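In: Provided below for reference: sequence and predicted model.
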Amino acid sequence: MGYAQLVIGPAGSGKSTYCSSLYQHCETVGRTIHMVNLDPAAEHFSYPVSTDNLDDWLDEQLEGYLDDDYLVFDCPGQIELFTHVPVLRNFVEHLKRKNFNVCAVYFLDSQFVSDVTKYISGCMASLSAMIQLELPHINILSKMDLVANKKDVEEYLNPEAQVLLSQLNRQMAPKFGKLNKSLAELVDDYSMVNFIPLDLRKESSIQYVLSHIDNCIQYGEDADVKVRDFDPED
């Protein structure tokens, strides 16, 4: 059985930067992962690309990985690809047929939590992707190193309906009251819409996120030890 992360989210949310940092982290701890580019617009990478989507033989490349290999797919930032167009859904089904356990890793820029309406928009896109892809799903609040006051975002990591509703009502006209209530309750009802903060400056933050993802896809529960995952003895 193979394992895979599907790294998704709006353009500029930090997906490729995460992929680069994740690769460096795994290299440091002696863990092997393979990076796969699915963005046709990307030409330059800060991480070694094992497979590129521009290769017509992507399917043949997937056949070359071992049963317990770990792949990270860096996806394009067009949100329609994972919210309502079936392209990534079909790709996910293809991976499942090839016996991959897959987790969707959704990125939202932490700057979105500076405004509750932007945050709600990000939650709706995340929820849409969750429903469309039907995968184990992890939400990441990225670029935490740019947040001056971390307390400002804490209430958004696991939001409560009443807090969201009061903030929406303060910012929007009274005629939107019923809509605000419905949106806040929707986010609250789907308690899966919560976020893990990620600060790429901290190895512990990267490892914390990776541990959550590994748990979702059951990585390591029955994986065999690979000789290449360890440095040779002197």
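Out: Ah, there it is.
In: Give me the secondary structure label for N101.
Out: Here N101 is strand, with the state taken from DSSP: H, G, I helix; E, B strand; the rest coil.
In: is it true that V92 touches V102?
Out: Yes. V92 is within contact range of V102, at 5.8 Å (criterion: CB atoms under 8 Å). Where you see a C-beta, it was placed from the backbone N, CA and C, and this is true even at glycine.
In: Common neighbours of these two, please.
Out: L6, L135 (CB atoms under 8 Å, 6 or more residues apart in numbering).
In: For D115, give its distance to L168.
Out: D115 sits 11 Å away from L168 when distances are taken as CB to CB, to the nearest Å.
In: What segments of the protein are strands?
Out: Ranges of strands in the chain, per DSSP state E, are 2-8, 34-37, 49-52, 70-74, 100-109, 137-142, 196-197.
In: looking at those, which one has the lowest mean pLDDT?
Out: Within these, confidence is poorest for strand 49-52, with a mean of 57 (mean pLDDT).
In: Poorly predicted segments of the protein, please.
Out: 39-58, 66, 190-192, 222-234 (pLDDT under 70).
In: for it, what spans make up the helices?
Out: 15-28, 58-63, 80-83, 87-97, 116-133, 151-157, 161-171, 177-189, 203-216 (DSSP state H).
In: quick one on the thing from earlier: so for D115 and L168, which residue has more residues nearby?
Out: More crowded of D115 and L168, by other CB atoms under 10 Å: L168, with 20 against 12.
In: check contacts around that one.
Out: V116, T117, I120, F176, N180, L183, A184.
In: Select only the buried ones of those residues in ChimeraX?
Out: Those of the contacts of L168 that count as buried under 16 or more other CB atoms under 10 Å are selected in ChimeraX with:
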select :116,120,180,183,184
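In: Out of the strands of the chain, which is the most enclosed?
Out: strand 2-8 (a mean of 25; mean count of other CB atoms under 10 Å).
In: name the helices or strands packed onto that one?
Out: Packing contacts for strand 2-8, counted by 3 or more CB pairs under 8 Å, 6 or more residues apart in numbering; DSSP states H and E, involve helix 15-28, strand 70-74, helix 87-97, strand 100-109.
In: Let's see it as PDB, backbone CA atoms only.
Out: What follows is the C-alpha trace of strand 2-8 in PDB, where atoms were taken according to Å, rounded to 0.1, in the frame of the first residue of the first chain:
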ATOM      1  CA  GLY A   2       1.300   3.500  -0.900                       C
ATOM      2  CA  TYR A   3       0.600   6.800   0.900                       C
ATOM      3  CA  ALA A   4      -0.100  10.200  -0.500                       C
ATOM      4  CA  GLN A   5      -0.700  13.800   0.400                       C
ATOM      5  CA  LEU A   6      -2.800  15.900  -1.900                       C
ATOM      6  CA  VAL A   7      -1.700  19.500  -1.100                       C
ATOM      7  CA  ILE A   8      -4.500  21.800  -2.200                       C
END
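In: How about residues contacting it?
Out: Residues outside strand 2-8 that contact it (CB under 8 Å, 6+ apart): 15, 18-19, 65-75, 81-82, 88, 92, 95, 98-107, 129, 133, 135, 213, 217, 219.
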